[in-house]
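Novice: My questions concern the predicted model and sequence given below.
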Amino acid sequence: MFLGTHSPRLDDKGRLFLPAKYREELSGGLVITKGQERCLYVFPLAEFQRITEALRAAPVTAKAVRDYSRVFFASASDELPDKQGRITIPPALRTYAGLDRDCVVIGANTRLEIWDAQAWETYLEQSEQQFSELSEEVLPGVL
């Protein structure tokens, strides 16, 4: 499970230090792909394989499945962290997420998300009230 908020920086080569607490879990490899709201999703290989199987089982006759799968897999990049725990984010994914220097890496349960720092702040500001109102809809009877 991935939790927390971290603020690494991209270096001039497009590399990012993974938060230390996640390095061991991601040391065997990971997949970076486009996420919603112009962030990047980072999946451990096992989680990416689980999602792949679920999409493989979805009906290819459904246009939404085809559309989602195309973007999800076409933008995916498998990466292996280096000895210092850095990953290289491909230029196309950096452009998609607007990543320049200051980034935010958040834990999002089964994945990490990489955000441009300013985009994350804007998202939080816009989402705070909605977050307060959604608990009953998202987790009925739990919280």
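Specialist: Looks like it arrived, so ask away.
Novice: is it true that Ile106 lies in a strand?
Specialist: Yes. Assessed with DSSP: H, G, I helix; E, B strand; the rest coil, Ile106 lies in a strand.
Novice: Around it, how many other residues sit close by?
Specialist: Neighbour count of Ile106, defined by other Cβ atoms under 10 Å: 17. In this view, the C-beta of every residue, glycine as well, is placed from N, C-alpha and C.
Novice: Isn't it up against Pro8?
Specialist: No. Look at Ile106 against Pro8 with Cβ atoms under 8 Å: they stay out of range, at 11.5 Å.
Novice: Helices along the protein, start to end?
Specialist: With helices called from DSSP state H, the chain shows them at 20-26, 45-57, 63-74, 91-97, 117-138.
Novice: right, so of those helices, which gets closest to Glu37?
Specialist: Of all those, it is helix 117-138 that lies closest to Glu37, at 6.3 Å by Cβ to Cβ.
Novice: Show me what counts as buried in the closest one.
Specialist: The neighbour-count check on helix 117-138 (16 or more other Cβ atoms under 10 Å) flags Ala117, Ala119, Trp120, Tyr123 as buried.
Novice: Residues touching it, excluding its own?
Specialist: With contacts defined as Cβ atoms under 8 Å, 6 or more residues apart in numbering, helix 117-138 is touched by Ser7, Glu37, Arg38, Cys39, Ala97, Gly98, Asp102, Cys103, Val104, Ile106, Trp115, Leu143.
Novice: can we see that at 7 Å?
Specialist: Ser7, Glu37, Arg38, Gly98, Asp102, Cys103, Val104, Leu143 (Cβ atoms under 7 Å, 6 or more residues apart in numbering).
Novice: again with stretch 18-29
Specialist: The contact list for stretch 18-29 (Cβ under 7 Å, 6+ apart) reads Phe2, His6, Pro44, Leu45, Asp78, Glu79, Leu80, Pro81, Gly85, Ile87, Val105, Leu112.
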